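Kindly return the folded structure for what I paste below:
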Amino acid sequence: MKISIGNDHAGPDYKQAIVKMLKERGHEINNHGTDTFDSVDYPDFAHKVGQDVDKAVTEIGIVICGSAQGVSMTVNKYQNVRGAVCWTKEIAGLAREHNNANVICIPARFTSIPQVIAMVETFLDTEFAGGRHATRVNKIACS
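A predicted model of the protein is given here:
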């Protein structure tokens, strides 16, 4: 699977751990994040991930900032993106299963790296349930 990832200065260590896990699982990565803790603007990275997912350059996106709120607001500007702020693996699973989320938004300041690895693995391994959930998801996008 091709996956786009982006982060601001709150998440370079999170991104590195996630990218390592993704590569071990055989995924191809579009890396749009910073590798330093120097202050940067989260929209610059989140827009690149949102564009990748919106245009189907990648199937899944992962964005990381301090609270996940800013990156979530940014990626959700794109018509074909359903970004979900997740802080547990259970929420990550439900975001995929019930909402067909295609971008996971990670709050680095409120999670640990092991917790985030479990969340991303669950997000990737969970399939959309469809059915009544598809009807609801189809009502999300603006036309």
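
ok so A134 is a helix residue?
Yes. Secondary structure of A134 (DSSP: H, G, I helix; E, B strand; the rest coil): part of a helix.

That one: neighbouring residues, count only.
A count of nearby residues for A134, using other CB atoms under 10 Å, gives 12. Bear in mind the C-beta positions are built from the backbone N, C-alpha and C, glycine included.

Distance-wise, check it relative to K2.
With distances taken as CB to CB, to the nearest Å, A134 is found 23 Å from K2.

try A17
19 Å.

same check, this time on N138
24 Å.

Could you check which of these two is surrounded by more residues?
Ranked by neighbour count (other CB under 10 Å), N138 and K2 place K2 first, with 13 against 9.

correct me, but that one touches V57?
Yes. With contact defined as CB atoms under 8 Å, K2 reaches V57; the gap is 7.3 Å.

Give me the common contacts of these two.
The contact sets of K2 and V57 overlap at N30 (CB atoms under 8 Å, 6 or more residues apart in numbering).

outside of stretch 43-50, which residues touch it?
4-8, 30, 32-34, 61-63, 65, 70-71, 74-78, 81, 83, 103.

Filter these down to the ones in strands?
S4, I5, G6, N7, N30, G61, I62, V63, C65, G83, V103 (DSSP state E).

Nearest to L124 among these?
Proximity of these to L124 (CB to CB) peaks at I62, which lies at 9.5 Å.

and the nearest residue to the closest one once chain neighbours are set aside, what does it touch?
Closest residue to I62 apart from its sequence neighbours, by CB to CB, 6 or more residues apart in numbering: I5 at 4.4 Å. I5 sits next to 15, 18-19, 22, 29-33, 49, 61-64 when contact means CB under 8 Å, 6+ apart.

Dump these into TSV; add neighbour count, pLDDT and distance to E121 as well.
Output for the contacts of I5, formatted as TSV (neighbours: other CB atoms under 10 Å; pLDDT from 0 to 100; distance: CB to CB, whole Å):
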residue	neighbour count	pLDDT	distance to E121
K15	26	98	15
I18	26	99	10
V19	17	99	13
L22	21	99	10
I29	17	98	15
N30	16	98	19
N31	17	98	19
H32	22	97	21
G33	28	95	19
V49	33	99	19
G61	31	99	16
I62	32	99	12
V63	33	99	17
I64	29	99	15
